[in-house]
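Undergrad: with the input below, show me the fold.
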Amino acid sequence: MEDTGPPSGNGPPRPRIACVYDYFLGGKCNIDADRQAARAIAEAMPDLPDVLRANRAFVGRAVRALADAGIRQFLDLGSGLAVNGAVHEITADMGVDARVVCVDNDPVVTAYNRRRVPRRGVAVVHADLRDLDAVLSAPESALLDRTRPVAVLMTAVLHFVPHADDPAAVVARYRDALAPGSCIVLSHAEDNRRLPGTYQAARLYSKDIAPIHLRTRTEIAAMLAGLDLLAPGLVPIPDWRPDAGARPSTAPSYGFAAVGRTDRQR
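TA: This next block holds a predicted model:
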């Protein structure tokens with residue numbers, strides 16, 4: 001589908017999470033405010049564009065692996081802009097007839113997605129992922145048959161959930177609401193003082209775009225409780241089932257990724 005240009009809202013231009021991410025991915029759905037904020041953060045953390053591209057590549061590998069395993073339903077929480085390798089694009093490229101629901105809490109982003117996504121097999125929900133009832137009770141979510149397995153994507157989004165909202169509990173609510181054999185796809189930024197520029201970039205991100213909450217590997221692992229992790233488990237993002245022939249990443253890993261499956265017998 002042809003791109004309809006960057007989303008815009010009322011009032012003074014301000015950077016949006018989805019549009020800054022799009023800029024780092026080389027997309028065109030961003031404005032000067034997004035680009036200025038992105039450049040300031042990248043100056044503090046020059047590896048950031050590579051980190052975000054590695055995360056988007058992980059999404060592609062995880063979706064393809066689950067589609068190959070027979071999953072045909074995807075709930076993408078904090079989906080951002082439905083461009084540059086969005087879930088429905090990945091499954092369409094595979095020739096898989098999948099159902100995809102994209103959820104985002106930015107009304108401008110969801111309005112843009114509703115204009116852009118295919119009418120068949122894809123729906124867009126405006127809701128906060130922390131509100132399970134709002135997400136699942138939205139009319140658009142009826143596209144998913146919740147008696148059958150669903151893959152829930154929480155990629156590069158839970159680090160925007162404050163500690164007070166207990167992201168592990170958020171994941172658990174979705175885990176418990178899914179049919180047996182469903183999966184959760186998760187990636188999260190790491191709290192690691194040895195990584196250059198991490199804290200300065202996080203401060204700039206929190207100041208200019210949205211508060212970000214770095215977490216340790218132990219804290220990220222706790223979000224996967226009650227799930228059977230698919231091989232290779234919780235690993236640095238580039239190391240989750242890298243494509244055959246791919247060169248090993250030489251850049252530091254700034255986050256972890258995993259795919260977990262709910263109990264088939266539950």
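Undergrad: where in the protein is the helix or strand with the lowest mean pLDDT?
TA: For the chain, using mean pLDDT, DSSP states H and E, the weakest element among its helices and strands is helix 198-208, scoring a mean of 91.
Undergrad: low pLDDT regions in the stretch 151-266 of the chain?
TA: 248-252, 264-266 (pLDDT under 70).
Undergrad: strands of that one, start to end?
TA: Listed from the start of the chain, the stretch 151-266 of the chain has strands (DSSP state E, counting those that start in this stretch) covering 151-155, 183-189, 228-229, 235-236, 255-261.
Undergrad: given the last one, what are its sheet partners and their directions?
TA: Same thing as strand 255-261. Strand 255-261 has its sheet partners listed here by DSSP bridges as strand 183-189 (antiparallel), strand 228-229 (antiparallel), strand 235-236 (antiparallel).
Undergrad: what are the contacting residues of the second one?
TA: Put plainly, it is strand 228-229. Counting contacts by Cβ atoms under 8 Å, 6 or more residues apart in numbering, the residues outside strand 228-229 that touch it are 258, 259, 260, 261, 262, 263. All C-beta atoms are positioned from the backbone trio N, CA, C, and that covers glycine.
Undergrad: count of neighbours near residue 39?
TA: Residue 39 is surrounded by 11 other residues when neighbours are defined as other Cβ atoms under 10 Å.
Undergrad: helices or strands up against the helix or strand hosting it?
TA: Under the assignment given by DSSP states H and E, the secondary-structure element containing residue 39 is helix 32-44. Using 3 or more Cβ pairs under 8 Å, 6 or more residues apart in numbering; DSSP states H and E as the contact criterion, the secondary-structure elements in contact with helix 32-44 are helix 17-24, helix 48-68, helix 198-208.
Undergrad: give me whichever of these is most buried.
TA: When neighbours are counted by mean count of other Cβ atoms under 10 Å, the highest per-stretch mean among these falls to helix 17-24, a mean of 25.
Undergrad: now find how far off-centre that one is within its chain.
TA: Here the centre of helix 17-24 is set off from its chain's centre by 12 Å, with Cα atoms, centre = their mean, to the nearest Å.
Undergrad: kindly report the same for stretch 86-100.
TA: With Cα atoms, centre = their mean as the basis, the distance from the averaged C-alpha position of stretch 86-100 to the chain average is 16 Å.
Undergrad: can you give me the end-to-end distance of that stretch?
TA: Stretch 86-100 stretches 10 Å from its first residue to its last (Cα to Cα, to the nearest Å).
Undergrad: which other residues reach that stretch?
TA: The list of residues contacting stretch 86-100 from outside it, by Cβ under 8 Å, 6+ apart, reads 59-60, 63-64, 67, 72-74, 76, 79, 82, 102, 117-118, 121-123, 143-145, 153.
Undergrad: take those and keep only those in strands.
TA: Using DSSP state E, 73, 74, 76, 102, 122, 123, 153 are the members of the contacts of stretch 86-100 that sit in strands.
Undergrad: and the residue lying closest to the first one once chain neighbours are set aside, how many neighbours?
TA: I take that to be residue 73. Here the nearest residue to residue 73 in space, its sequence neighbours aside, is residue 150; by Cβ to Cβ, 6 or more residues apart in numbering that works out to 4.5 Å. Residues within reach of residue 150, counting by other Cβ under 10 Å, total 24.
Undergrad: residue 150 reaches residue 179, doesn't it?
TA: Yes: at 6.8 Å, residue 150 counts as touching residue 179 under the criterion of Cβ atoms under 8 Å.
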